[in-house]
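> Okay, sequence plus prediction incoming.
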Amino acid sequence: MMPSPWRVAERWDETADTFTVALEPEPRREAPGFAPGQFNMLYAFGAGESAISISGDPALPGRMLHTVRKVGTVTSALALLRPGDTLGLRGPFGTGWPIESLRGRDLLFIAGGIGLAPLRPAIYHALRHRTAYGAIRILLGARTPADLLYPEELANWRKSPGVACAVTVDRGDSDWQGHVGVVTKLISSINLDPRNSAALICGPEVMMRYTAAALREKGLPQESIHVSLERNMKCAVAHCGHCQIGPHFICQEGPVYPLNRIAFWLAQREV
Amino acid sequence: MTPSSVQSILERSRLQDLFDVLHRRGYAVIGPTVRDRAIVCEELRSAAELPEGWGDLQEGGSYRLQRRPDKALFGFAVPTNSWKEWLHPKRLKLLDAHRNPDGSLRFTPGDEDDPPKLAFLGARSCELHAIAIQDRVFLGGAFTDPHYAKRRAAVLIIATNCGTSGGTCFCVSMNTGPKVNRERTPFDIALTELLDESGHRFLLEAGSEAGAVILGELPVRAATESEVTAAETLVANTANRMGRSLDTHRLPETLLANLEHPRWKEVADRCLNCANCTMVCPTCFCTTVEDVTHLTGDHAERWRRWDSCFNLDFTRMHGGPARQSGQSRYRQWLTHKLATWHEQFGSSGCVGCGRCISWCPVGIDLTEEVRALRSP
Ligand SMILES: Cc1cc2nc3c(=O)[nH]c(=O)nc-3n(C[C@H](O)[C@H](O)[C@H](O)COP(=O)(O)OP(=O)(O)OC[C@H]3O[C@@H](n4cnc5c(N)ncnc54)[C@H](O)[C@@H]3O)c2cc1C
Ligand code: SF4
Ligand code: SF4
């Protein structure tokens, strides 16, 4: 499958190692829609492709946002792009958060680090259709206060009716007055109605494993816990074999799974 | 009259006619020949290149050519390489990326040419099943692989019923051979090599319109009843002489219930992670991509090449590989082939061709591993 050229319309830093690009099709044409939780394969000229989640508002698909953490070859090449530059894009791929089927429920968004990026479209969607959902809670974990993604937006979310946010960091700094510790700690203090809630989790695999376990302890059934998995990915169309975990091709069936479908494999070591 | 009811005889001395007809119709013939002391598949210009009088001796970690007492052309088990080499090339250019003077990018397909028309001569039943499996992988899902699709559409299959079985064959266990079956794995022509007091000849059966047309151009005569019976007996005897066997009863469930079996460590201690098994396997389909830039800096290419789940980089992520230990990688390979493949593609990922056993430098034998994993 061929990438198509997209132009960087805007680019800004989020944290010291994370930035966001807003992309527009080049030449101008209608952008494909996307579902919250889907991702694109972004190609940096000569460097290669990476799977990057769409982090923008699904109601504004013409402005395709991607929030990228610089960790290696391709993401570093993407970091060098400036407004006006072009990159290659294939997608959107994957099956996203089942946000539509969760209407009527209380929502728990739980993210670790860059995991907030793939969750943000679902948060936008829930806030845009605020009355369709019950209480909304956003629980975030970051390495340090400076690594916290989208702090200004977080401040706005906090002000929305029926939205509660909590943040914890691995290491605080002198100004930090919030929680310190892993994100699972935030779960113990919350009150949730297990029959009418759903959790959407994205973060490192260990974090998701512990978080899911903490939610199970609160009585939340596996079917109401949704996780977004991450694997090495080359083709994004279930042909290269890299993203398999057990029988699952993450790129296509996933990256989002209800826990009951993936729990057996998440419990295995090195699969 | 359905094509299959026609059973004809082509004399060995006229086999070149088959090549001539295929060449006239624009097909390049890919078939077995002797190269570097092994039987391999490659393009053949004439029937004289077939491995006349050669057989093979295959065992765990060992492959040897062996002179046969007769002049059979297909008297060996399976060639070293499989047909996937032509349908799913080892290396393929996916695209060219061009950077225009204004900095914008343009992409052009890297694999645009029409593929050559190929006749696969001598594909065995297990191999037809392997092709059917790769058809499901590349053509049966939500996305079609265009590179595979166009190559596959240009192939004519001239299958062989097996008159010999190898020391590492176990198609009978996998229900994939040794007799080709038109209903399960379509072919264009099937041939059975007959070599007895009455001479050296091939029993031919057309399996498709295209096959029937080609048969019609060959100097054939109708087969006698005894020739048809002789061919059937031959394949039945092959079925009784499998070098290996694999108990497939509840195999997926058994393997998935034993993901922490001590045997995984034991086999990993022997495994070299060389990936030979995945390269020779006719169903293994994994690939990776490579990006290269030209010195001018304004042209880049993206290539796809075969990859293997035995490579450490296969599952590399920012935090390190998901499958770090050799044990987890061998387990991935075996459980994918024999267990999770069923859920993904509706069949086992193993057709019992035995290549991975013969070509494993340390002689690791999946049938033996399964036996060990079945015992607590
Ligand atoms: C479905 C999905 C969505 C993702 N969404 C985002 C996102 O929104 N923002 C973001 O910053 N990152 C995201 N990632 C992770 C991102 O794809 C990797 O960080 C990136 O591929 C690293 O490539 P690199 O060349 O910079 O790193 P290198 O370390 O140089 O890459 C080496 C190799 O490892 C692979 N690789 C390394 N890390 C990962 C990883 N974490 N996941 C998959 N493959 C990896 C690369 O493809 C390459 O093959 C996502 C991954 C997946 C699978
Ligand atoms: S796993 Fe081994 S025996 Fe089975 S099809 Fe592959 S190479 Fe042949
Ligand atoms: S099983 Fe044998 S062929 Fe396969 S990777 Fe291990 S040593 Fe190599």
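Looks like it arrived, so ask away. Ligands and ions are numbered 1, 2, ... in the order given.

> How about the residue of the stretch 1-150 of chain A found nearest ligand 1: what's its closest non-neighbour residue?
Nearest to ligand 1, among the residues of the stretch 1-150 of chain A, is A:Gly72, at 2.1 Å (CB to the nearest ligand atom). In short, each C-beta sits where N, CA and C put it, glycine included. Excluding its sequence neighbours, the residue lying closest to A:Gly72 (CB to CB, 6 or more residues apart in numbering or on different chains) is B:His318, at 6.9 Å.

> what's the pLDDT at the one you found?
We have a pLDDT of 88 for B:His318.

> swap in A:Val256?
So, for A:Val256, pLDDT stands at 98.

> List the beta-bridge partners for it.
Listed by DSSP bridges, the beta-bridge partners for A:Val256 are A:Ser228.

> again, but for B:Pro109
Counting by DSSP bridges, B:Pro109 is bridged to B:Leu95.

> Make sure it is actually in contact with B:Leu92.
No: the criterion here is CB atoms under 8 Å, and B:Pro109 misses it with B:Leu92 at 11.0 Å.

> more neighbours, these two?
Neighbour totals were compared for B:Pro109 and B:Leu92, and B:Leu92 leads with 18 against 13 (other CB atoms under 10 Å in any protein chain shown).

> Domain map for chain A?
Domains of chain A are assigned by automatic domain parsing as A:4-93, A:100-266.

> So the most far-flung residue of chain B relative to its centre versus A:Cys240, what's the distance?
What lies farthest from the middle of chain B is B:Asp102; by CA atoms, centre = their mean that is 47.4 Å. Using CB to CB, to the nearest Å, we find B:Asp102 at a distance of 33 Å from A:Cys240.

> Can you give me the neighbour number for the residue of the stretch 101-250 of chain B found nearest chain A?
For the stretch 101-250 of chain B and chain A, the shortest gap (CB to the nearest CB) falls at B:Phe143, measuring 3.8 Å. Burial measure for B:Phe143: 16 neighbouring residues, criterion other CB under 10 Å.

> Output stretch B:73-88 as CSV, nothing but the C-alphas.
Only the C-alpha atoms of stretch B:73-88 are listed here, as CSV (Å, rounded to 0.1, in the frame of the first residue of the first chain):
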residue,chain,number,x,y,z
LEU,B,73,12.6,-37.3,-12.9
PHE,B,74,10.5,-36.6,-9.8
GLY,B,75,11.9,-39.4,-7.6
PHE,B,76,12.8,-37.1,-4.7
ALA,B,77,10.8,-35.7,-1.8
VAL,B,78,10.7,-31.9,-1.8
PRO,B,79,13.2,-29.4,-3.3
THR,B,80,15.1,-27.2,-0.9
ASN,B,81,13.3,-24.0,-1.8
SER,B,82,9.6,-23.6,-2.1
TRP,B,83,7.3,-21.9,-4.6
LYS,B,84,6.8,-18.9,-2.3
GLU,B,85,10.1,-17.6,-3.8
TRP,B,86,8.1,-16.7,-6.9
LEU,B,87,4.8,-15.7,-5.4
HIS,B,88,6.1,-13.8,-2.4
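
> Now find how far off-centre that stretch is within its chain.
Relative to its chain's centre, stretch B:73-88 lies at 6 Å (CA atoms, centre = their mean, to the nearest Å).

> Next: stretch A:128-147.
On CA atoms, centre = their mean, the centre of stretch A:128-147 falls 12 Å from the chain's centre.

> Where does pLDDT dip in the stretch 101-250 of chain B?
Residues of the stretch 101-250 of chain B meeting the criterion pLDDT under 70: none.

> For it, which segments count as helices?
For the stretch 101-250 of chain B, applying DSSP state H, counting those that start in this stretch gives helices covering B:125-139, B:146-153, B:171-174, B:209-216, B:225-239.

> which stretch among these comes nearest ligand 2?
Smallest distance to ligand 2 across the helices of the stretch 101-250 of chain B (CB to the nearest ligand atom): 6.2 Å, for helix B:125-139.

> If you count contacts, what does that closest one end up packed against?
Helices and strands touching helix B:125-139, by 3 or more CB pairs under 8 Å, 6 or more residues apart in numbering or on different chains; DSSP states H and E, are helix B:84-87, helix B:146-153, strand B:155-160, helix B:171-174, helix B:341-345.

> and if we set it to 10 Å?
Contact partners of helix B:125-139 among helices and strands, from 3 or more CB pairs under 10 Å, 6 or more residues apart in numbering or on different chains; DSSP states H and E: helix B:84-87, strand B:118-124, helix B:146-153, strand B:155-160, helix B:171-174, helix B:341-345.

> How about the residues of the stretch 251-376 of chain B by ligand 2?
Counting by CB under 6 Å from any ligand atom, the stretch 251-376 of chain B comes close to ligand 2 at B:280-283, B:337, B:350-356, B:366.

> Redo the residues you listed as TSV? Include pLDDT and distance to chain A.
Formatted as TSV, these follow (pLDDT from 0 to 100; distance: CB to the nearest CB, whole Å):
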residue	pLDDT	distance to chain A
B:Val280	98	16
B:Cys281	98	12
B:Pro282	98	15
B:Thr283	98	11
B:Lys337	98	12
B:Cys350	98	15
B:Val351	98	18
B:Gly352	98	21
B:Cys353	98	19
B:Gly354	98	22
B:Arg355	98	18
B:Cys356	98	16
B:Leu366	98	18
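
> Take these and keep only those in strands.
Secondary structure assignment by DSSP state E places none of these in strands.

> Name the nearest residue to the closest residue to ligand 3 within the stretch 101-250 of chain B, ignoring sequence neighbours.
Distances between the stretch 101-250 of chain B and ligand 3 by CB to the nearest ligand atom are smallest at B:Thr168, namely 12.6 Å. The shortest distance from B:Thr168 to any non-neighbouring residue, by CB to CB, 6+ apart, is to B:Gly354 (2.9 Å).

> Now the one you found: phi and psi?
phi 80, psi 0 (degrees, to the nearest 10).

> Counting neighbours, what do you get for the residue of the stretch 1-150 of chain A closest to ligand 1?
14.

> go on, B:Thr229?
Counted by other CB under 10 Å, the residues lying close to B:Thr229 total 11.

> for it, what are its contacts?
For B:Thr229, the contact set (CB atoms under 10 Å, 6 or more residues apart in numbering or on different chains) comprises B:Ala223.

> B:Arg302 in helix, strand or coil?
Recorded secondary structure, B:Arg302: strand (DSSP: H, G, I helix; E, B strand; the rest coil).

> Across the sheet, point out what pairs with it.
Assessed by DSSP bridges, B:Arg302 has beta-bridge partners B:Leu95, B:Asp291.

> burial count for residue 133?
You didn't pick a chain, so chain A it is. 19.

> Please refer instead to chain B.
Residues near B:Ile133, counting by other CB under 10 Å: 26.

> That one and B:Cys353 touch, don't they?
No: the pair B:Ile133 / B:Cys353 is not scored as a contact, 11.5 Å apart, by CB atoms under 10 Å.

> Identify the contacts common to the two.
Shared contacts of B:Ile133 and B:Cys353 (CB under 10 Å, 6+ apart): B:Thr176, B:Pro282, B:Thr283.

> Residues in contact with the helix or strand of chain A with the lowest mean pLDDT: which ones?
Every helix and strand in chain A was compared by mean pLDDT, DSSP states H and E; the lowest is helix A:184-188, with a mean of 90. Helix A:184-188 is contacted by residues A:108, A:110, A:112, A:137, A:139-141, A:166-168, A:179, A:199, A:207, A:209-215, A:217-218, A:220 when judged by CB under 10 Å, 6+ apart.
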